[in-house]
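Trainee: following is a predicted model, sequence given first.
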Amino acid sequence: MLFTVLKKDLILFFSDKKGVLITFLLPIIMITLFAFAFGGVAKKKSAPKPLAVLVVDKDATTTSQELIAKLDAMPTIRLIASEEENALSLVRKGKNVAALIFEKGFSDAVKADKDLPIELKYDAARDLQMRIVHTVLKEGFKYHLGKVDVINTIKLKTTSLIKETSTKAHPGLVQAVGGTAIMMLLFSIAAIGGGLLDEKEAGTLKRLLIAPVKPLDILLAKMGTAMVVSILQLTTMFVFAWLAFGLPIFMDLLSLLLLILCISFAVSSFGVFLVSTVKTRQQLQGMSTIIIILMSAIGGSMIPISMMPEFMQNIAVISVNYWGIEGFFDIFWRQLPLITILPKMGVLLAIGLGMILISTALFKKNIIAIE
Amino acid sequence: MIKVQNLSKSFQNIQAVNDISFTIKKGEIFGFLGPNGAGKSTTLNMMSTILKSDEGTIHIDGKNSSENASACKHLIGVVPQEISLYEDLSAYENLLFWGNLYGIPSKTLKERIHTTLKLIGLLDRKKDLIKNYSGGMKRRINIAAALLHRPKVLFMDEPTVGIDPQSRNHIFEVIETLNQQGMTIVYTTHYMEEVERLCDRIAIIDSGKIIAQGTQSELKELVQTKESIQFEFNFLSESNVDQLRKLFSYELTHNKNKLLVECTVKELSKVITTCNDLQLSIKDIQLNKVNLEAIFLSLTGKQLRD
């Protein structure tokens, strides 16, 4: 009897192809993603891709130039020459982890064996990468300046370009709140979008189509509902983060509200897009779980983008999570002006519009097709 | 009111509706009778403008439904086979929502909801959530939702599926009232009793084709079978049968004490009087009516519920 029941349960389990897919394929995909993210699958013979560090040579002497060339030859880092203003701007915007500044008099200081006028200005939001860069550079200086055996003779001054103040959020908090908020929002919105499938099964969608209502209005109304819920959900999460963890949400309220609007638009469109690709609730459940977890993993909701290898950072740009999280970092950590954050908001709106266009076509084919 | 010409629709390799034509007059109840999968709902979906036909035309009140779908939507009310209501809203909230979709002014809509709820006998339950209604009550609200914009034609797709006889009768009364008020009604069902009770004219549909249409009496003329009455007597002799043959012009079939008389119910009293005159003691009488079930069987070789 036990065997009969067990056999029946196994047959039922394996007959649900979507369920099987989630059980086996999703963990495999997640393991692969995390393995790449944490660097556990680098090829044995190839070194990891060097970290790009901007270098500003204000000394511009043979000594500084030779040292820069030697440091650049090190496998772990890649030095990119830049003007000071540009370099600092790129680091502030989170484009590069740090800028190494050679001040005037560097050559003289080397000859006179004085403290070196060098400074590493960095983005503290990329703490892990910064630690690697700092260690590598310090060792490089000691080695190439012939001071290997002398302990602590090289002082590499480090300055965070974005200071943690009472008005600023800790990058970890921004990551936690922003990343989690968007991921959870995606799940909520997929469920709301699924309401369209419930209406189809209940017959109310058919009745809506019989009434003088345009199919696009039905789709947009569902998206509108999702958007209102998204705005409320994101606002609630940020208010909670403010009350519970002191996230300074009033620091740049206008940018935050606009970003919440853009994220809500993109996520809501994504919700209706998901629904438009399937025909039943069961299909939606399988599909949304896989896509949302994947998107959240590569988009930085689960692992900070800066910890991911470069190729994964390049892939991340396809996800809503990436643009949303980066936007939150721009507001709470980098404190960039609204004009600088606008392009990210633009990308979110473009993703949303693209999703709506695709959804409209799929909606007619998959959801409102009457048989 | 409705003119359908050469209508066809197929899904992949299945011909759901195959070149059907019919006309529905203003103010009549037109029945679509056929088994499940015959093409009734597909035809109704095309007439409801939500399904495009492959071929053919549908005119509702003179308007081509494919070219003027928006205007046609205001002319028709549709009662879908499913209970197409929001379970977590009250009856009143549901009706308010569905009515609003037709752009009915708020005050007028509220008045119509009141009138319609009264018509279907659920005015006192208007605040109850749909999920707390019985199946029959849900069906009545399902009908009410199709009436608020005062359609000229009401399409009803199997509106009595799965309900008790009392609720069914209530729905019949509502349909009859609406028809008396001048509404044209198109009624699909696979229950022949419903068609027999309600419909002025009937189209019998099977495998996507209309195999017969007309009034009930017109349809009865299509089949060879005639109405008959079977009498069983306590005793019936050959001479009694001969006497009856002389007195009646009806076809008589005699078997022991049983006699099959090919006459209509209207002529029953005449036959009984004659039998009494001959002092024949009647033990049992059985009517063999020619109904739609028999017509369908005769035309298709299948039962309606096959």
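Mentor: Alright, I've got the coordinates.
Trainee: so, low pLDDT: which residues of the stretch 201-306 of chain B?
Mentor: Within the stretch 201-306 of chain B, the stretches with pLDDT under 70 are B:224-225, B:303-306.
Trainee: residue of it nearest chain A, please.
Mentor: Nearest residue of the stretch 201-306 of chain B to chain A: residue B:208, at 13.7 Å (C-beta to the nearest C-beta). (Each C-beta comes from the backbone N, C-alpha and C, glycine too.)
Trainee: and for chain B?
Mentor: residue B:82 (3.0 Å).
Trainee: ok, back up a step: how near is the residue of the stretch 201-306 of chain B closest to chain A to residue B:251?
Mentor: Here the criterion is C-beta to C-beta, to the nearest Å. By it, residue B:208 lies 38 Å from residue B:251.
Trainee: more crowded one of the two?
Mentor: Using other C-beta atoms under 10 Å in any protein chain shown, the more surrounded residue of residue B:208 and residue B:251 is residue B:208, with 23 against 12.
Trainee: surely that one meets residue B:11?
Mentor: No - with contact defined as C-beta atoms under 8 Å, residue B:208 and residue B:11 do not form a contacting pair (10.7 Å).
Trainee: so what's residue A:101 up against?
Mentor: A:56, A:58, A:84, A:87, A:118-121 (C-beta atoms under 8 Å, 6 or more residues apart in numbering or on different chains).
Trainee: okay, strands next: where are they in the stretch 101-250 of chain A?
Mentor: In the stretch 101-250 of chain A, strands defined by DSSP state E, counting those that start in this stretch lie at A:118-122, A:157-160, listed in chain order.
Trainee: quick one: closest of those strands to residue A:311.
Mentor: Residue A:311 lies closest to strand A:118-122 among these, at 23.3 Å (C-beta to C-beta).
Trainee: who are the packing partners of that closest one?
Mentor: Packed against strand A:118-122, as judged by 3 or more C-beta pairs under 8 Å, 6 or more residues apart in numbering or on different chains; DSSP states H and E, are the following elements: helix A:84-92, strand A:98-102, helix A:127-144, strand A:157-160.
Trainee: sheet partners, orientation included, of the shortest one?
Mentor: Partner strands and pairing direction for strand A:157-160 (DSSP bridges) are strand A:118-122 (parallel).
Trainee: starting at the chain centroid, how far to the helix or strand where residue B:118 lies?
Mentor: Here residue B:118, judged by DSSP states H and E, is contained in helix B:106-119. Chain-centre distance of helix B:106-119: 27 Å, with C-alpha atoms, centre = their mean, to the nearest Å.
Trainee: now the element after it, going C-ward?
Mentor: Per DSSP H and E, helix B:106-119 leads on to helix B:135-144 as the next helix or strand towards the C-terminus.
Trainee: flag every residue of the stretch 151-300 of chain A that's near chain B.
Mentor: A:202-204, A:206-213 (C-beta under 8 Å from any C-beta of the partner chain).
Trainee: give me the buried subset of the residues you listed.
Mentor: Listed as buried from those are A:202-204, A:206-212; burial here means 16 or more other C-beta atoms under 10 Å in any protein chain shown.
Trainee: out of these, which comes closest to chain B?
Mentor: residue A:203 (3.0 Å).
Trainee: kindly report the residues of chain B close to chain A.
Mentor: Counting by C-beta under 8 Å from any C-beta, the residues of chain B near chain A are B:11, B:42, B:45, B:48-51, B:70, B:73-74, B:76, B:78, B:80-87, B:98, B:101-103, B:145.
Trainee: who are the packing partners of the longest strand anywhere in chain A?
Mentor: Taking DSSP state E as the criterion, chain A has its longest strand at strand A:51-57. Applying 3+ C-beta pairs under 8 Å, 6+ apart, one finds that strand A:51-57 contacts helix A:62-72, strand A:77-81, helix A:84-92, strand A:98-102, helix A:127-144.
Trainee: so which of the ones you listed is the most surrounded?
Mentor: strand A:98-102 (a mean of 25; mean count of other C-beta atoms under 10 Å in any protein chain shown).
Trainee: so how far is it off the chain centroid?
Mentor: Distance, stretch centre to chain centre, for strand A:98-102: 25 Å (C-alpha atoms, centre = their mean).
Trainee: all helices for the stretch 101-250 of chain A, in order.
Mentor: Assigned by DSSP state H, counting those that start in this stretch, the helices in the stretch 101-250 of chain A fall at A:106-111, A:127-144, A:171-193, A:195-202, A:204-210, A:215-245.
Trainee: turn those helices into JSON lines, including mean pLDDT.
Mentor: JSON lines is the format used below for the helices of the stretch 101-250 of chain A (pLDDT from 0 to 100):
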{"stretch": "helix A:106-111", "mean pLDDT": "84"}
{"stretch": "helix A:127-144", "mean pLDDT": "82"}
{"stretch": "helix A:171-193", "mean pLDDT": "87"}
{"stretch": "helix A:195-202", "mean pLDDT": "86"}
{"stretch": "helix A:204-210", "mean pLDDT": "90"}
{"stretch": "helix A:215-245", "mean pLDDT": "89"}
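Trainee: reformat these as TSV; add distance to residue B:240.
Mentor: Output for the helices of the stretch 101-250 of chain A, formatted as TSV (distance: least, C-beta to C-beta, whole Å):
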stretch	distance to residue B:240
helix A:106-111	138
helix A:127-144	113
helix A:171-193	79
helix A:195-202	65
helix A:204-210	63
helix A:215-245	73
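Trainee: any idea which of these gets closest to residue A:277?
Mentor: Using C-beta to C-beta as the measure, helix A:171-193 is the one of the helices of the stretch 101-250 of chain A that comes nearest residue A:277, at 10.4 Å.
Trainee: show me what contacts the residue of chain B most remote from its centre?
Mentor: Residue farthest from the centre of chain B, counting by C-alpha atoms, centre = their mean, is residue B:239 at 46.3 Å. Residue B:239 is in contact with no residue at all, counting by C-beta under 8 Å, 6+ apart.
Trainee: follow-up on the earlier one: in this structure the residue of chain B closest to chain A contacts residue A:203, no?
Mentor: Yes - applying C-beta under 8 Å, one finds residue B:82 in contact with residue A:203, separated by 3.0 Å.
Trainee: give the burial count for the residue of the stretch 1-150 of chain A found nearest chain B, as a bare number.
Mentor: Closest contact between the stretch 1-150 of chain A and chain B, by C-beta to the nearest C-beta, is at residue A:17 (22.2 Å). Using other C-beta under 10 Å, residue A:17 is surrounded by 10 other residues.
Trainee: separation between it and residue A:287?
Mentor: Distance from residue A:17 to residue A:287, by C-beta to C-beta: 12 Å.
Trainee: kindly report the same for residue B:31.
Mentor: 43 Å.
Trainee: same deal with residue A:218?
Mentor: Applying C-beta to C-beta to residue A:218 and residue A:287 gives a distance of 21 Å.
Trainee: just residue B:119 next, same as before
Mentor: 45 Å.
Trainee: so residue B:17 sits in a strand?
Mentor: Yes - secondary structure of residue B:17 (DSSP: H, G, I helix; E, B strand; the rest coil): part of a strand.
Trainee: ok, now which ones touch it?
Mentor: Here residue B:17 is in contact with B:7-10, B:39, B:42-43, B:46, B:53, B:208 (C-beta under 8 Å, 6+ apart).
Trainee: what ranges do the helices span in the stretch 51-200 of chain B?
Mentor: With helices called from DSSP H, counting those that start in this stretch, the stretch 51-200 of chain B shows them at B:69-75, B:91-100, B:106-119, B:135-144, B:165-180, B:192-198.
Trainee: possible to save those as a markdown table with mean pLDDT and mean neighbour count?
Mentor: Converted to a markdown table, the helices of the stretch 51-200 of chain B look like this (pLDDT from 0 to 100; neighbours: other C-beta atoms under 10 Å in any protein chain shown):
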| stretch | mean pLDDT | mean neighbour count |
| --- | --- | --- |
| helix B:69-75 | 88 | 18 |
| helix B:91-100 | 92 | 21 |
| helix B:106-119 | 93 | 16 |
| helix B:135-144 | 92 | 22 |
| helix B:165-180 | 90 | 16 |
| helix B:192-198 | 85 | 19 |
